[in-house]
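J.: Predicted model and sequence below, questions to follow.
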Amino acid sequence: KNEVEQSPQNLTAQEGEFITINCSYSVGISALHWLQQHPGGGIVSLFMLSSGKKKHGRLIATINIQEKHSSLHITASHPRDSAVYICAPTLTSGSRLTFGEGTQLTVNP
Amino acid sequence: KAGVTQTPRYLIKTRGQQVTLSCSPISGHRSVSWYQQTPGQGLQFLFEYFSETQRNKGNFPGRFSGRQFSNSRSEMNVSTLELGDSALYLCASSLLGEGVYEQYFGPGTRLTVT
């Protein structure tokens, strides 16, 4: 079993829809990153959180440390949100990240 | 502040050759981590350097090595390249804050081994 499980693997939405991507992990962590990767592009860190909830514009990330679960929500989705979203917990020892397999999101106009 | 920079951005090498990739972290960051991304294996941790010392190492063969200089710039080296080493190599620098480490990623070096 992978240390980090993301769902769904693929997600297609219509512009304006509310989107949720889930991440469950089995290891001890100090924090969790949500990363975004566009095709052929580098990786951008959207959030790093260790408890509760964070919001940046239309993006919201939540984490429940006791349940070892995090979610990324996108409100009013837009075609420019189309990308791969990766859940990346930071292991308790140092800066080392472990990664989910990613969720390929496609938002159609 | 300038972001994390990686050079070169693209590289084509032949099997058996060796390659050196460079990463310059954000000014003031002292931790640099390296990751490999392939279509089959996804993102995997290679190693982490902090203050010129390797602090963590992933599950990669000894052909993969790295180092960090006193100015926090880091290099990774892959010797005796194999076709399977074709990948996007990403480095990330870390800002120490309240015991947790936010990672800032560079654009990556795309290595193709032929």
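T.: Nice, I can see it.
J.: Report the contact partners of A:Phe102.
T.: No, residue A:102 isn't Phe; it's Gly. Listed by C-beta atoms under 8 Å, 6 or more residues apart in numbering or on different chains, the contact set of A:Gly102 reads A:6, A:9, A:37, A:84-86, B:42. No exception for glycine: its C-beta is placed from N, CA and C like everyone else's.
J.: Repeat the analysis, applying 7 Å as the threshold.
T.: Neighbour list for A:Gly102: A:6, A:84-86, B:42 [criterion: C-beta atoms under 7 Å, 6 or more residues apart in numbering or on different chains].
J.: for the nearest residue to A:Gln14 once chain neighbours are set aside, what are its contacts?
T.: In space, and not counting its chain neighbours, A:Gln14 is closest to A:Asn108: 5.7 Å by C-beta to C-beta, 6 or more residues apart in numbering or on different chains. A:Asn108 is in contact with A:12, A:14-15, A:79, counting by C-beta under 7 Å, 6+ apart.
J.: for chain A, what are the nearby residues on chain B?
T.: Proximity of chain B to chain A, by C-beta under 7 Å from any C-beta of the partner chain, involves residues B:31, B:33, B:42-43, B:45, B:48, B:55-56, B:90, B:94, B:99-108.
J.: Please type out the ChimeraX selection for whichever of those turn out to be buried.
T.: Buried residues among the residues of chain B next to chain A (16 or more other C-beta atoms under 10 Å in any protein chain shown), as a ChimeraX selection:
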select /B:31,33,42,43,45,48,55,56,90,94,100,101,102,103,104,105,106,107,108
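J.: Looking at the residues of chain B next to chain A, which are in strands?
T.: Among the residues of chain B next to chain A, the ones falling in strands (DSSP state E) are B:31, B:33, B:42-43, B:45, B:48, B:55-56, B:90, B:94, B:100-105.
J.: Please name the bridge partners of the residue lying closest to A:Phe99 once chain neighbours are set aside.
T.: Setting aside the residues directly before and after it, A:Phe99 is nearest to B:Leu43 in space (C-beta to C-beta, 6+ apart), at 4.2 Å. Judged by DSSP bridges, the bridge partners of B:Leu43 are B:Gln37.
J.: Just want to check the distance between A:Glu17 and A:Gly42.
T.: 27 Å (C-beta to C-beta, to the nearest Å).
J.: next structured bit after the least confident helix or strand in chain B by mean pLDDT?
T.: Among the helices and strands of chain B, strand B:100-105 carries the lowest confidence by mean pLDDT, DSSP states H and E, at a mean of 81. Downstream of strand B:100-105, the next assigned helix or strand under DSSP states H and E is strand B:109-113.
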